[in-house]
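In: What follows is a predicted protein model with its sequence.
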Amino acid sequence: MGNKKDWNTLSSLTPLFAVLVALLIGALMLVALGVNPLVAFRALFMGAFGNWNAIADTVVKAVPLLFVGLGICIAFRGGVLNIGGEGQLVVGALSATAVTLSFPHLPGWALILISLIAGGLAGAIWGGIAGFLKAYFNVNEILSTIMLNYIAVYLMNYLLRGPMMDPLQVKLGSFIPQTMRFPRAADLPRFAPTRLHLGVIIALVLAVLVYVFLWRTTIGFRVRMVGANTRAALLAGVNVKRYMVLSILLAGMLAGLGGAVEVLGVHHRMFTDGTAFGFTGSAGFNGIVTALFGQLHPIGTIPASFLFGALLTGANKMQRVVQVPSALIGALNGLIVLLVAGSEILRRSSVRRGKVGTSIPDEGGEEW
Amino acid sequence: MVIGSTIVGILASAIRLATPYLYASIGEMFGQMSGVLNLGVDGIMLMGAYAAFFTALNTGSAALGLMAAVGVGAIFGLIMAFVSVSLRAEQGISGIGLYLFGLGMSTLLFGMTVGTVQTVNGFPPISIPFLSDIPWVGDILFRHNVLTYGAFALVPIAWFIINKTPLGLKVRAAGQNPEAADSLGVKVVQVRYITVVVGGILSGIAGASLSIALLNVFQQNLTNGMGFIAVALVYFGGWRPLGVLAGAMLFSTVNAIQMWLQVQGIGVPADFALMMPYVVTILVLAAMAKRRVYAPAALNKPFERGG
């Protein structure tokens, strides 16, 4: 057997194997559905990388994944399984929209700034609710964040069909559930002629900041300590509950920012088709996939987001060319999560891994 | 009398709506009691619903549809068991993976094989002779489809298996203290495989109960998160079949009231009515915090021999 270093390099490649295996299974599924997988995958590739516009679209799709993924890095490292990215994106976008439309005469930079702050705050509150319930009421955060996703969606539907609906839609009687277009001043600057917008720079800067936070600050160290070994953190006098709330609050903030960036940079208005997917494109779930894929490291999450942005962009092209619903990519993402989660066993056999997902030990310490 | 018939209507609809929750929650409860948290229930329900719908649409037989759902549920249960028990994956994450897989697959297959909204002939309501003629009670309890009767029959069956059979004892041992159980000769891995596969089958039936008994349609994301509520109901029920029954009835009643409010067009905006089940879930989970419940001690903990 090779030495330990070789083995670590090998096991860090497992996510890539997971993607290859998932694509292989995807190919088999395509064959079963009577589609030539080579044609389908070629369309997928060309849709994602075929020309500069395609590459720019891939990056645009990667941006919300990176925002959510960065938050997941903090939350999962802090032992809080945040599945609430969808809802946090939605409330972030809603809140940014409300602010942008409320102050249409502000200069562009100020408008963008307060919208981003509003989006981040709303996401932080949405995540914070789940964190608070976990820390002080022992409510499983997986369940509460999923419930909060649905609550966010119905809140969005209510607001966009009611108080926030574009007055023009009301006047025309068409009642399409969307807001007015934002003032042009609030559009995030674009790298014309592509659709690529400033949000990608914001996300990249945040990735570095999240890295610095987790590995170069005391608070970040404590967040990781709570996630890696709750009991040790307790014994070391860390206020475990507070850090649990903090880690999901920050995750929510990043996702909320992502939602704000989506409306300011891509759509320039908020809209709904009645589901979370209509607005988020499942970025709240796929962000989990990218973060796991990036080994819960903010810098690793950057290429992971790009890869999954490419899969999602390419899936649209594939849908047009070979009439395979883009849901195939959703299914493959699920497979990748299963494979990555399952292949953890390889890593564990060489390094004793800190467990993801913790609960607060009882007073009696039964859990230990 | 109007009030009376309204209440009868809401209660009858609550009983009907409890069907998918009961199958999914009781199935999930077996898994959790043995130490496995399966968060993929919603994905399995979607696959079961699709398989049942597709089969019933093409064969005209709801019974064959149900069998298809059972088969698909078993396969998905096996996948979950393999990843979570044999590969000892982090259960919260593998479950989300299974959910995304089921959601994507059911959407993909529906798009490729059916494509449009269609209805099927599902299980018809069966009026129980004599009992269904009892005023009020008959309408509430005895005019349902066979899957609804089955769901309620499952509650005492589950209670019996857990409390009165050797298998139930092994399941509880595997979930409370797998190391001790192992040293006494209980095959922990095997027990967990059984409970997770049974859970998968019941989740598949839960999905089928939507697509070929209650609604008789399939569409993308038909369940809309019911599977996650089913997982929450297991916590709510304190890992006891009767508790799960109470939870399922609470939820289905909230849902029935919500639907009734919408039909009546009463002042509550529809979106807030639709929000109710999810808000109630969170509140109920929070209210449970101070209650003394005995969660399986090894829940969410992979078992490794000599580990």
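Out: Arrived safely, thanks for sending.
In: Tell me which residue lies nearest the centroid of chain A.
Out: What sits nearest the mean C-alpha location of chain A, by C-alpha atoms, centre = their mean, is residue A:68, with 2.5 Å.
In: The host helix or strand of that residue - contacts with which helices or strands?
Out: Assigned by DSSP states H and E, residue A:68 belongs to helix A:52-77. Judged by 3 or more C-beta pairs under 8 Å, 6 or more residues apart in numbering or on different chains; DSSP states H and E, helix A:52-77 is in contact with helix A:37-49, helix A:85-102, helix A:199-216, helix A:218-228, helix A:240-262, helix A:283-293, helix A:298-322. In this view, the C-beta of every residue, glycine as well, is placed from N, C-alpha and C.
In: Flag every buried residue along it.
Out: A:54-77 (16 or more other C-beta atoms under 10 Å in any protein chain shown).
In: before we move on, what about stretch A:319-327?
Out: Using 16+ other C-beta under 10 Å as the test for burial, stretch A:319-327 gives A:319, A:321-322, A:324-327.
In: That stretch vs chain B: in contact?
Out: Yes - using C-beta under 8 Å from any C-beta of the partner chain, we find that stretch A:319-327 touches chain B at A:324-325, A:327.
In: Now stretch A:37-56: buried residues?
Out: For stretch A:37-56, a neighbour-count test (16+ other C-beta under 10 Å) marks A:37, A:40-44, A:47-48, A:54-56 as buried.
In: and what of stretch B:122-134?
Out: B:122-123, B:132.
In: want to try CSV for the residues you listed, with distance to chain A and secondary structure as columns?
Out: Formatted as CSV, those follow (distance: C-beta to the nearest C-beta, whole Å; DSSP: H, G, I helix; E, B strand; the rest coil):
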residue, distance to chain A, secondary structure
B:122, 24, coil
B:123, 28, coil
B:132, 36, helix
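In: Single out whichever of these has the smallest pLDDT.
Out: Checking pLDDT across these, the minimum falls on residue B:132 at 86.
In: Flag the shaky bits of the chain, pLDDT-wise.
Out: Just so you know, I chose chain A. For chain A, the stretches with pLDDT under 70 are A:1-12, A:345-368.
In: was after chain B, sorry
Out: Where chain B drops to pLDDT under 70, the residues are B:1, B:266-268, B:290-294, B:306-307.
In: tell me the helices in it, going along the chain?
Out: Using DSSP state H, the helices assigned to chain B run over residues B:2-33, B:41-59, B:62-81, B:91-113, B:137-141, B:146-164, B:166-176, B:178-183, B:188-209, B:226-236, B:241-264, B:270-287.
In: As a markdown table, those with mean neighbour count and distance to residue A:251 would be great.
Out: Converted to a markdown table, the helices of chain B look like this (neighbours: other C-beta atoms under 10 Å in any protein chain shown; distance: least, C-beta to C-beta, whole Å):
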| stretch | mean neighbour count | distance to residue A:251 |
| --- | --- | --- |
| helix B:2-33 | 23 | 26 |
| helix B:41-59 | 28 | 22 |
| helix B:62-81 | 23 | 26 |
| helix B:91-113 | 25 | 15 |
| helix B:137-141 | 17 | 45 |
| helix B:146-164 | 17 | 37 |
| helix B:166-176 | 20 | 30 |
| helix B:178-183 | 17 | 32 |
| helix B:188-209 | 27 | 29 |
| helix B:226-236 | 27 | 19 |
| helix B:241-264 | 19 | 28 |
| helix B:270-287 | 19 | 18 |
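In: Residue A:315: neighbouring residues, count only.
Out: 24 (other C-beta atoms under 10 Å in any protein chain shown).
In: right, and it touches residue A:47 too?
Out: Yes - using C-beta atoms under 8 Å, residue A:315 makes contact with residue A:47 at a distance of 7.5 Å.
In: Up against chain A, what does the stretch 51-200 of chain B have?
Out: B:79, B:82-83, B:87-90, B:92-94, B:96-105, B:107-108, B:111-112.
In: max-length helix in chain A?
Out: helix A:108-137.
In: Tell me the helices and strands packed up against the helix or strand that comes right after that one.
Out: If you walk from helix A:108-137 toward the C-terminus, the next helix or strand you reach (DSSP H and E) is helix A:141-161. For helix A:141-161, the packing partners by 3+ C-beta pairs under 8 Å, 6+ apart come out as helix A:85-102, helix A:108-137, helix A:276-280, helix B:226-236, helix B:270-287.
In: Report the distance from helix A:141-161 to the chain centre.
Out: Relative to the chain's own centre, helix A:141-161 is displaced by 16 Å; criterion: C-alpha atoms, centre = their mean, to the nearest Å.
In: What of stretch B:57-69?
Out: With C-alpha atoms, centre = their mean, you get 19 Å for stretch B:57-69.
In: List the contacts of it.
Out: With C-beta atoms under 8 Å, 6 or more residues apart in numbering or on different chains as the test, stretch B:57-69 has contacts from B:48-49, B:51-56, B:114, B:118, B:120-123, B:147, B:204-205, B:207-208, B:211-213.
In: likewise stretch A:16-34?
Out: Residues outside stretch A:16-34 that contact it (C-beta under 8 Å, 6+ apart): A:36-37, A:40-41, A:293, A:307, A:324, A:328, A:331-332, A:335-336, A:339-340, A:343, B:108, B:112.
In: What of stretch B:8-15?
Out: For stretch B:8-15, the external contacting residues (C-beta under 8 Å, 6+ apart) are B:136, B:139-141, B:143-144, B:148, B:152, B:249, B:252-253, B:255-257, B:259-260.
In: Could you do stretch A:305-312 as well?
Out: A:19, A:44, A:48-49, A:58-63, A:65-66, A:69, A:281, A:286-287, A:289-290, A:293-294, A:326, A:329, A:332-333.
In: before we move on, what about stretch A:92-109?
Out: A:111, A:114-116, A:118-123, A:126, A:152, A:155-156, A:159, A:164, A:179-180, A:182-183, A:185-187, A:255-260, A:262-264, A:269-270, A:279.
In: Type out the PyMOL command that picks the buried ones from these.
Out: The PyMOL selection below is limited to those of the contacts of stretch A:92-109 classed as buried (16+ other C-beta under 10 Å):
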select buried, chain A and resi 111+114+115+116+118+119+120+121+122+123+126+152+155+156+159+164+179+180+182+183+186+187+255+256+257+258+259+260+262+263+264+269+270+279
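In: quick one: the helix holding residue A:68 to helix A:108-137, angle?
Out: Angle, helix A:52-77 to helix A:108-137, by axes from the mean of the first three to the mean of the last three C-alpha atoms, to 10 degrees: 30 degrees.
In: Can you name the residue of the stretch 101-250 of chain A nearest chain B?
Out: residue A:158 (3.7 Å; C-beta to the nearest C-beta).
In: what about that residue, how many neighbours?
Out: Look at residue A:158: counted by other C-beta under 10 Å, it has 19 neighbours.
In: For it, give its distance to residue B:152.
Out: Going from residue A:158 to residue B:152 by C-beta to C-beta, to the nearest Å gives 35 Å.
In: Where does the stretch 201-307 of chain B get nearest to chain A, residue-wise?
Out: Nearest residue of the stretch 201-307 of chain B to chain A (C-beta to the nearest C-beta) works out as residue B:271 at 3.7 Å.
In: Help me confirm that that residue comes into contact with residue A:160.
Out: No - with contact defined as C-beta under 8 Å, residue B:271 does not reach residue A:160; the gap is 9.6 Å.
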